[in-house]
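[1] my questions are about this predicted structure, shown below with the sequence.
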Amino acid sequence: MAETVLNSGLTISRWRRNYFREYTRASRFAPYMGRGNDNIIVTMYELQTEAGKTIIVPFVGRLTGSGVSGSQVLEGNEEDLGSGSMPVAVDFRRNAVIVPKSEQFKTDIDLLDAARPALRDWESELLRADILREFGAIALTDAAATTVPYASATAAQRNEFLTRNTDRILFGRDRSNTVAGNFAASLANVDNTDDRANYALVTKLKRIAKAAKITPYQSDQAAGQEWFVLFVGSRAFRDLENDPTIVQIDRDARVRGTENNPLFQGGDLLVRGVIIREEPEIGVLAGVGNAGADVEPMYLAGAGAVAIAWGQMPQTKTRLADYDFRKGVGIEELLGVKKIHQNGVQRSLVSAFVAAPQDA
């Protein structure tokens, strides 16, 4: 009698899927990641089934005309929808660990399970760093739609980026801090007295996003609700959670129990349709503000802010060495991460720079 034996490749595939889910969840951006364009971080997998090194992110414009009414002729008065695209290139990322035979692992699956936490954490930290890097990246206008990490960008690149995104960048609390076409001079106007993060700044960022026609992360048109997510560093989050108006919101308008209220447990803050999420890895721009003030970036995100293209989900690689006494297992993935922008204009982000002094 013939018996069906499960192909070992199926077990490895299942492990890969589980690993992938754990890996993306551990990045802390999982709630905002998904295939749909209504996610803040749009994930794309087309290159897993099609050959190529680049995936194209398409744009579709908005209709802004008034149309026709009554007996007016529509033919010949149609409106141009407009379109565009942005390429996202992918590249390999790999790492590996060695486990000696003395650990008594008998199969590849056991070995993978033993190494999985360390590899998962490594990949998750890199993915988180990639996303935060792209939040703050300087978008260029070349054919490849290049983005340059803020720290690596030249003064000229930052200035050009500011010129193209003046309606989507705020220095401190007031527009008057912006020096046209001069990023460094604008940062130098941010001071510790007037330009720290507070409730009024959060609501202003939401108004800026709506004026720029940035699509909310979530919306319920019937209820008139629109939600954006504001990613902030630890110093800005400190100022926001201690803001008197936000404290009052948490005390009087949020769930009052000890299990859910942020006054007791911490966690995200909610301010008039804005979810404020702390990301400690958002770095401080030391000494760039007025009188040497430290400045911290904040990013208000709507739908379609960053794209992640996976050309290959994490795959496992094994290796035997030292007369088979030592077993190595590695992870290999093919991906690309890029801020979504068109002609150097970030499509779904409002960047803010606030004074963020170090704790005394």
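    Alright, I've got the coordinates.
[2] the domain parsing of this structure - what is it?
    10-58+82-138+307-340, 164-304+344-355 (automatic domain parsing).
[3] give me the pLDDT value at the closest residue to Asp195 other than its chain neighbours.
    Excluding the flanking residues, the one nearest Asp195 by Cβ to Cβ, 6 or more residues apart in numbering is Gly172, at 3.0 Å. In this view, the C-beta of every residue, glycine as well, is placed from N, C-alpha and C. pLDDT recorded at Gly172 is 96.
[4] can you put the domains of the chain in a markdown table and add mean neighbour count and distance to Gln157?
    Shown next, in a markdown table, are the domains of the chain (neighbours: other Cβ atoms under 10 Å; distance: least, Cβ to Cβ, whole Å):
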| stretch | mean neighbour count | distance to Gln157 |
| --- | --- | --- |
| domain 10-58+82-138+307-340 | 16 | 5 |
| domain 164-304+344-355 | 18 | 9 |
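[5] in terms of mean pLDDT, which of the ones you listed ranks lowest?
    domain 10-58+82-138+307-340 (a mean of 79).
[6] what is the distance between that domain and the centre of its chain?
    16 Å (Cα atoms, centre = their mean, to the nearest Å).
[7] returning to that earlier point: JSON lines please, covering the domains of the chain and showing distance to Pro149.
    Listed next are the domains of the chain as JSON lines, based on distance: least, Cβ to Cβ, whole Å:
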{"stretch": "domain 10-58+82-138+307-340", "distance to Pro149": "5"}
{"stretch": "domain 164-304+344-355", "distance to Pro149": "11"}
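[8] so for Thr146, which of those domains sits nearest?
    Among the domains of the chain, the nearest to Thr146 by Cβ to Cβ is domain 10-58+82-138+307-340 (8.8 Å).
[9] chain neighbours aside, what residue packs nearest to Ala236?
    Here the residue nearest Ala236, using Cβ to Cβ, 6+ apart, is Ala197, at 4.3 Å.
[10] so the one you found versus Asp174, what's the distance?
    14 Å (Cβ to Cβ, to the nearest Å).
[11] repeat for Gln157
    From Gln157 to Asp174 the distance is 25 Å (Cβ to Cβ).
[12] for the stretch 151-300 of the chain, which segments count as helices?
    All helices of the stretch 151-300 of the chain, identified by DSSP state H, counting those that start in this stretch, fall at 155-164, 183-187, 199-211, 234-241, 244-252, 262-265.
[13] which stretch among those comes nearest Pro87?
    Closest to Pro87 of those is helix 155-164 (Cβ to Cβ; 18.6 Å).
[14] run through who's touching the closest one.
    138-141, 148, 150, 153, 169, 178, 180-184, 186, 343-345 (Cβ atoms under 8 Å, 6 or more residues apart in numbering).
[15] switch the cut-off to 10 Å
    Applying Cβ atoms under 10 Å, 6 or more residues apart in numbering, the contact partners of helix 155-164 are 137-141, 146-148, 150, 153-154, 168-169, 171, 178-187, 341-346, 351.
[16] what is the subsequent helix or strand relative to the longest helix along the chain?
    Ranked by residue count, the top helix of the chain under DSSP state H comes out as helix 108-135. The helix or strand immediately downstream of helix 108-135 is strand 138-139, counting by DSSP states H and E.
[17] which strands and helices sit next to that next one?
    Packing partners of strand 138-139 (3 or more Cβ pairs under 10 Å, 6 or more residues apart in numbering; DSSP states H and E): strand 147-148, helix 155-164, strand 326-339, strand 341-342, strand 345-346.
[18] so what's the residue nearest to the spatial centre of the chain up against?
    In the chain, the C-alpha nearest the mean C-alpha coordinate belongs to Ile131, at 4.3 Å (Cα atoms, centre = their mean). Neighbour list for Ile131: 27-29, 32-33, 40-41, 231, 279, 281, 305-306, 308, 337, 339 [criterion: Cβ under 10 Å, 6+ apart].
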